[in-house]
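# Attaching a predicted model along with its sequence, questions to come.
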Amino acid sequence: MKKFKFRLEKVLEYRTLVEQWAKEAFLEARLSTFECEGKIADIKAHRREMLTQSVGNVQEHLAIELMLQKSDDEERDQHTVLAVLKDEEEVALEEWKLKRQELKALQKLKEEALRVWQHESNVAEQNELDEWAVTRKVS
């Protein structure tokens with residue numbers, strides 16, 4: 001009997017690649033989110049450090065106040081960026097889930113086709129054995 005060949009093998013290979021690309025896109029989006037969260041943590045740590053500094057005169061106090069305002073602006077900007085990155089991450093996750101679902105559907109089709117092929121192969125083999133047994137008895 002012929003070797004099993006899934007007629008949609010090329011499609012399955014392509015869907016496997018697409019699923020992998022979607023997974024990598026999600027992981028990149030997740031990494032960007034983590035990096036942004038790290039920047040926010042760094043800004044907060046820097047602000048705490050500035051707040052613990054002792055102030056000697058009015059100019060130092062004004063300089064620290066300006067740096068704190070700049071730090072607040074940077075943190076606000078990073079929170080805006082973080083919101084966008086989280087949205088992108090969510091979209092990438094949904095895309096990956098969809099691609100994984102499409103891949104699994106094709107994998108199930110392949111498994112079913114293999115099961116049918118094995119059954120047909122077993123039936124054909126049994127028929128050949130039955131025919132051989134009948135012809136052997138006749139002669």
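Received, thanks.

# could you pull out the strands for the protein?
Using DSSP state E, the chain contains no strands.

# residues in contact with the residue nearest to the spatial centre of it?
With distances taken as Cα atoms, centre = their mean, residue 23 lies nearest the centre of the chain, 2.4 Å away. When contacts are counted by Cβ atoms under 8 Å, 6 or more residues apart in numbering, residue 23 touches 96, 99-100. All C-beta spots, glycine's among them, are computed from the backbone N, C-alpha and C.

# Between those residues, which sits nearest residue 82?
Minimum distance to residue 82 across those is 20.5 Å, recorded for residue 96 (Cβ to Cβ).

# Looks like residue 92 contacts residue 24 (just checking).
No - contact criterion Cβ atoms under 8 Å: residue 92 and residue 24 do not qualify, at 9.4 Å.

# And those two? Which one has more around it.
residue 92 (20 against 12; other Cβ atoms under 10 Å).

# ok, that one - contacts?
Residues in contact with residue 92 (Cβ under 8 Å, 6+ apart) are 22, 25-26, 28-30.

# Residue 102: neighbouring residues, count only.
Number of residues near residue 102 (other Cβ under 10 Å) recorded here: 15.

# how close does it sit to residue 20?
According to Cβ to Cβ, to the nearest Å, residue 102 stands 13 Å off from residue 20.

# Brilliant, that's me finished.
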